[in-house]
Structure formats: C-alpha cells, structure tokens
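Novice: kindly generate the corresponding structure for this input.
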Amino acid sequence: MKGSRKNLIYRIGEKHSLNIQSFKPLTGGDINEVYKLECKDQNLVLKLNSASKFPGMFEAEKKGLELLATAGVIQIPKVFETAILDDYSYLLLEYVPTGTKGPDFWQVFGRQLAKLHSQRNDHFGLDHDNYLGSLPQQNSYRDNAISFYTEMRLEPQLKLAKELGYDLPDTSSLYKNCESIIPKEKASLIHGDLWGGNYLVDTNGSPCIIDPAIAYAPREMDIAMTRLFGGFGDQMISTYQDYYPMEKDWEQRIELWQLYYLLMHLNVFGISYKSQVTEIIHKYS
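Specialist: Numbers count the residues shown, from 1 in each chain. The predicted structure follows:
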C-alpha cells in the first residue's frame with residue numbers, strides 16, 4: 001500500500017468524520033480501486049478513481065443507485081457521499097456483508113427483477129448520461145426502443161470501434177430489421193450491466209445489485225446480459241416470466257441485445273471479441 005493512498009483514504013475519513021480504524025482492498029476490477037473501511041460505528045465501501053479520466057462517473061453511479069433504491073423492490077447499497085479530492089473521485093457506500101444463496105435465491109431474484117422492470121417510462125433514456133464500464137453511455141431521450149437502441153447504444157460503440165481500426169460489417173440492414181424484430185414495449189428501468197459480478201448475496205441469502213448503468217430502456221437488455229457470461233440460475237428467468245412475461249420470441253432477440261455489450265468489450269478489451277460481434281451483425285442483417 002503506497003503511503004500516498006493511505007493518506008488519501010484517511011483524509012477522506014477525516015473529511016466525513018468516519019473514524020476509520022482500518023481498511024483493506026476489495027475486488028474492484030480495472031477501473032476503480034475499492035476498499036472496505038472498518039470504522040468505529042459502521043463499515044463502509046470506498047471506491048476511488050481518476051476524476052480527470054472518468055469525469056462524473058461516481059456522480060452518475062450515485063444517481064443510478066438512488067433511482068434503483070427508490071423503486072423499493074431489490075436491495076441496493078445506500079449511498080453516503082461522492083466528491084473529489086486531489087483529482088481522485090470517490091464514492092462512499094454502505095458495506096453489505098455477504099453470505100450464501102438461500103434455497104429460493106433465484107426465484108427471489110427473478111421476482112425482484114420483474115418488479116424493477118415494471119417501473120416504466122413513456123420515453124427511453126434518462127435525464128443524465130452515465131457509464132458502461134469505463135466507456136461513456138449516452139442516454140438522450142428517444143420515443144421508441146428502436147431509435148434508442150440504434151442511436152444511443154449501438155451507434156456510439158460502432159463509431160468508437162471504427163476509430164480504433166476495427167473493420168466491421170455494415171449495419172444498415174440490421175437497423176432496418178430492428179423495426180420488425182424489437183417489440184413495441186414501453187421503457188423499463190433496467191440495471192444496464194447485469195453480469196455475474198454485479199450482484200451480491202447478503203447474509204440473509206438474498207440478492208443485492210451493485211455497479212449499475214441504468215436507463216429506461218428495453219428490459220430484454222438486462223435479460224440478455226444475464227446470459228452473456230453466465231452466473232445466473234435458470235430459475236431466475238422462469239420466475240421472471242411468471243411475474244412479467246416477455247414478448248413472443250424473446251430468446252431469438254438475445255444476441256441482438258448482447259451486441260451492445262460485446263461492442264463495448266471489443267472497444268475496451270480488444271480484438272478477441274470481433275468475431276462474435278461480426279457474427280451477430282450478420283445474423284440480424
């Protein structure tokens with residue numbers, strides 16, 4: 001542990017009167033440093049990153065967590081503070097102790113996700129932009145799912161891929177086909193980055209979701225993300241279907257939604273994702 005980092009953490013503690021007794025690193029991925037702060041009266045999570053490299057990231061995460069919490073249907077860590085100190089952005093969160101999955105964990109998760117997606121909006125988007133992983137995510141409002149997904153999700157990633165030198169197939173036919181493929185549903189409040197690393201199991205054996213990339217968007221995007229890298233039980237989707245059935249042929253659209261997330265991975269992690277992206281573009285063109 002570098003002394004400068006230790007000093008920064010204790011200065012943050014002093015600023016918010018946390019009375020930090022000790023701290024230790026938690027798994028944080030490539031973007032953020034994450035620490036558990038053991039304080040006199042409570043335990044907290046501290047997330048740190050570069051304020052200049054990721055401007056507004058934690059402010060957007062704070063808004064996202066608070067909006068998810070307002071829905072009141074699934075556990076969300078409480079947000080305490082976000083600010084900047086010495087060009088470090090930081091976010092202070094409730095520490096959620098982890099346990100093991102209860103016998104009905106996936107049924108509970110499926111029911112809660114269905115209730116979250118029942119939070120609807122007449123327009124697709126959000127009143128602020130945010131991030132998907134390390135990349136900015138645009139959320140300008142659109143009137144329908146097709147224009148939102150093509151203009152706010154696929155286009156920025158495809159433009160970045162081109163700038164990075166990736167030669168991808170033309171998507172004009174895919175966009176046209178989206179008009180008949182994508183269901184005419186209202187926008188749902190979605191987590192936006194629902195892979196296996198973005199949920200916890202609390203000490204009661206119940207789900208808690210973290211690290212959102214929220215928007216009012218097609219709800220099948222969350223479902224598609226749960227299927228991209230694994231880590232979710234089949235009972236989750238079957239229970240979800242009991243509470244909020246998806247539109248006909250939803251499974252045939254899974255890869256269409258996954259295209260957005262795979263483009264992000266191509267742009268961040270490199271060429272190993274190009275073949276999968278290319279195959280999906282061809283499939284729906």
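Novice: quick one: buried residues of stretch 150-167?
Specialist: For stretch 150-167, the neighbour count (16 or more other C-beta atoms under 10 Å) marks 150, 152-154, 156-158, 160-161, 166 as buried. Yep, even glycine has a C-beta here, placed from its N, CA and C like the rest.
Novice: in helices, which of the residues you listed fall?
Specialist: Among those, DSSP state H puts 156-158, 160-161 in helices.
Novice: just to revisit the earlier point, can you say which two of the buried residues of stretch 150-167 are spatially most distant?
Specialist: Using C-beta to C-beta, the pair of those lying farthest apart is 152 and 166, separated by 20.2 Å.
Novice: which residue, neighbours along the chain excluded, lies closest to residue 76?
Specialist: residue 69 (4.2 Å; C-beta to C-beta, 6 or more residues apart in numbering).
Novice: how about residue 33?
Specialist: Among residues not flanking residue 33 along the chain, residue 48 sits closest, at 4.4 Å (C-beta to C-beta, 6+ apart).
Novice: please apply the same query to residue 259.
Specialist: Spatial nearest neighbour of residue 259, chain neighbours left out: residue 280 (4.7 Å); criterion: C-beta to C-beta, 6+ apart.
Novice: so where's the protein shaky on pLDDT?
Specialist: Where the chain drops to pLDDT under 70, the residues are 1-3, 28-29.
Novice: tell me the domain ranges of it?
Specialist: Per automatic domain parsing, the structural domains of the chain span 3-94, 105-283.
Novice: can you count the residues close to the closest residue in space to residue 16 that isn't next to it in sequence?
Specialist: Using C-beta to C-beta, 6+ apart and skipping residues adjacent in sequence, the residue nearest residue 16 is residue 81, 6.0 Å away. With neighbours defined by other C-beta atoms under 10 Å, the count for residue 81 comes to 16.
Novice: so residue 81, which state does it fall into?
Specialist: strand (DSSP: H, G, I helix; E, B strand; the rest coil).
Novice: which residues touch it?
Specialist: Residues in contact with residue 81 (C-beta atoms under 8 Å, 6 or more residues apart in numbering) are 16, 90-92.
Novice: wouldn't residue 13 be in contact with residue 19 here?
Specialist: Yes - Residue 13 is in contact with residue 19 according to C-beta atoms under 8 Å; the separation is 7.1 Å.
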